[in-house]
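> just to be clear, the model below is a prediction. Sequence and coordinates:
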Amino acid sequence: MKYRTPKGVQDILPPEVSVWQKIENVARRVFSVYGYQEIRPPIIEFTELFVRGIGEETDIVEKEMYTFQDRAGRSITLRPEGTASVVRAYIQHHLYNLPSPQRFYYMGPMFRYERPQKGRYRQFHQIGVECFGEDTPRVDAELMHMLFRYLEAIGLRDLSFEINSIGCRQCRPRYREKLLQFLSSKREQLCTDCLRRYSRNPLRVLDCKVPECIEATKGAPAVTEYLCANCQEHFGSLKRYLEQLGLTFRVNPRMVRGLDYYTRTTFEVLSSELGAQNAVAAGGRYDDLVEEFGGPPTPAIGFAVGVERLATLIMERADTEGPRLFGYFATLGERATEEAMGLASRLRDRGLWVEMNYRPEASLKSQLRKANRMKAMYVFILGEEEIQKGVIRYKRMDDGFQSEVKLSDFVAFITGSMVQES
RNA sequence: GUGAGCGUAGCUCAAUGGUUAGAGCACUGGACUGUGGCUCCAGGGGUUGUGGGUUCGAGUCCCAUCGCUCACCCCA
């Protein structure tokens, strides 16, 4: 085969597209009643935006970005995530002058240069939301509840919600120090990866799956115990609101996110059916990012769902039916085939999906077989005999019933009685 | 970037180192001159991913390479 898609990118073929459309349509419907409006940032941005937003030390920035120089020598990057762009747009267009909170959603492709595996691709798609201008945990709870409602609306159950608070500019450095203190005594027990993490991003050590590391970090201090008074209150209220909303969740003090901009609330929605890449959605608060990007101090929170991951969960449940073919014109001979073109066109004008035979010499048998395979509800048979008599035969494929109508009455007959019964 | 598994017909898979690489599904046609699904019959389809090597002989063994998959790392 001469041409294939590049590694980690794929075609979404029609049966799957109908699942995607459902995922997108339900998102639009659910998010809009919470006041979210669609925003469409570009797919390329200046590289600097992501480096500053996501964090220079993160894996995404260090080794996963699709970066290139444009013809003027500027460094451009295919977006690896959506939040940085939305924050940029929020500031660039002075949207902070509109009444708070300002809420946006977006959907589209993201790009990360990683080795693909189940649920992880180089071009993947996210549906994300961002809410600017409110720091109350009520907004956190509302947003997480909206996510839950959304997942419920597209038919997913058995998902687990995990939440955490990773503190703010005041309390996180303090916790980091405590953790380093604790880990320094355990250094011989840690795996090589964790020794690297120890100096670069010690919070990650808590997330390690190597049994020795899990053992070594058993008594490690939890972030949630070192929150400052404000963060503690924020987190406590959030948990209370979530309970009030009836959303069951688990506090996971070891949950660490891979993007540097998060503050306070972080959360993930996990499925056990997805293999190693088990997060269908994830998000958190980023109260400092707008200011860091040069906007006014503006608290914010958002999440993103992975469309491919949702789609695989839905596909495993089958029943992914697209629209059904209404009618197929089976024709015999040149005259009949020409006549069918006109009739098909008139039915299509009435909004009916119809197909026709294009080869006058094809056998009726082969045409019926084809119509059957296309799952046509009706076959309209037009041959020399019918043309002579001025009629057209119609056949209902479910039960094989057939009869004929005058050609002059055909369109009215079809758009009248038959459409209603189907 | 690291590791493992797998590459045979459009799809799912057979074939102890030994004739001409098979089967099911799908496709086309026939049994049934203009009537689908069920059944039976026939037919078209292959550089066994690619390139080397070992051997009298390689789909099978070895090496390399490409691709796919899963996992690590990390994340949606």
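Nice, thanks for sending it over.
> what about stretch A:164-175, start to end distance?
With Cα to Cα, to the nearest Å as the measure, the ends of stretch A:164-175 fall 14 Å from one another.
> correction: the previous question concerned stretch A:387-399.
In terms of Cα to Cα, the two terminal residues of stretch A:387-399 are separated by 25 Å.
> show me the shaky parts of chain A.
Filtered on pLDDT under 70, chain A yields the residue ranges A:1, A:209-211, A:316-322, A:417-422.
> which residue does it bring closest to RNA strand B?
Of all residues in chain A, the one sitting closest to RNA strand B is A:Gly258 (0.9 Å; Cβ to the nearest atom of the strand). Heads up, the C-betas are built off the backbone N, CA and C, glycines and all.
> isn't there a helix covering that residue?
No - note on A:Gly258: no helix contains this position according to DSSP: H, G, I helix; E, B strand; the rest coil, which reports coil.
> wait, what's in contact with the closest residue to it other than its chain neighbours?
Ranked by Cβ to Cβ, 6 or more residues apart in numbering and with sequence neighbours excluded, the top spatial neighbour of A:Gly258 is A:Thr58, at 6.0 Å. Residues near A:Thr58 by Cβ atoms under 8 Å, 6 or more residues apart in numbering: A:Gly258, A:Leu259, A:Asp260.
> phi, psi of the spatially most central residue of chain A?
By Cα atoms, centre = their mean, the mean C-alpha position of chain A lies nearest to A:Val307, the distance being 2.5 Å. According to degrees, to the nearest 10, the main-chain angles of A:Val307 amount to phi -60, psi -40.
> next: A:Ala282.
A:Ala282 has phi and psi values of phi -160, psi 150 when expressed as degrees, to the nearest 10.
> pull the distance from the longest helix along chain A to the chain's centre.
Scanning chain A for the helix with the most residues, using DSSP state H, yields helix A:14-32. Centroid displacement of helix A:14-32 relative to its chain, using Cα atoms, centre = their mean, to the nearest Å, is 9 Å.
> what does it contact?
Everything outside helix A:14-32 that qualifies as a contact, by Cβ under 8 Å, 6+ apart, is A:12, A:38, A:105, A:107, A:125, A:127, A:129, A:146, A:149-150, A:153-154, A:305, A:307, A:310-311, A:314-315, A:320-322.
> tell me which residues in it are buried?
For helix A:14-32, the neighbour count (16 or more other Cβ atoms under 10 Å) marks A:Glu16, A:Val19, A:Trp20, A:Lys22, A:Ile23, A:Val26, A:Ala27, A:Val30, A:Phe31 as buried.
> repeat that for stretch A:220-229.
For stretch A:220-229, using 16+ other Cβ under 10 Å, the buried residues are A:Ala220, A:Pro221, A:Ala222, A:Val223, A:Thr224, A:Tyr226, A:Leu227, A:Cys228.
> now that stretch - C-alpha only, CSV.
Output of stretch A:220-229 as CSV, limited to C-alpha atoms (Å, rounded to 0.1, in the frame of the first residue of the first chain):
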residue,chain,number,x,y,z
ALA,A,220,4.1,10.2,53.1
PRO,A,221,2.4,13.4,54.1
ALA,A,222,-0.8,14.1,52.1
VAL,A,223,-1.2,17.4,50.3
THR,A,224,-4.6,17.9,51.8
GLU,A,225,-3.1,18.0,55.3
TYR,A,226,-0.9,20.9,54.4
LEU,A,227,-3.4,23.2,52.7
CYS,A,228,-3.5,26.8,54.0
ALA,A,229,-6.7,27.9,55.7
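> which residues touch it?
By Cβ under 8 Å, 6+ apart, stretch A:220-229 touches A:164-168, A:170-172, A:174-175, A:178-179, A:182-183, A:203, A:206, A:235, A:251, A:253-254.
> noted, bye for now.
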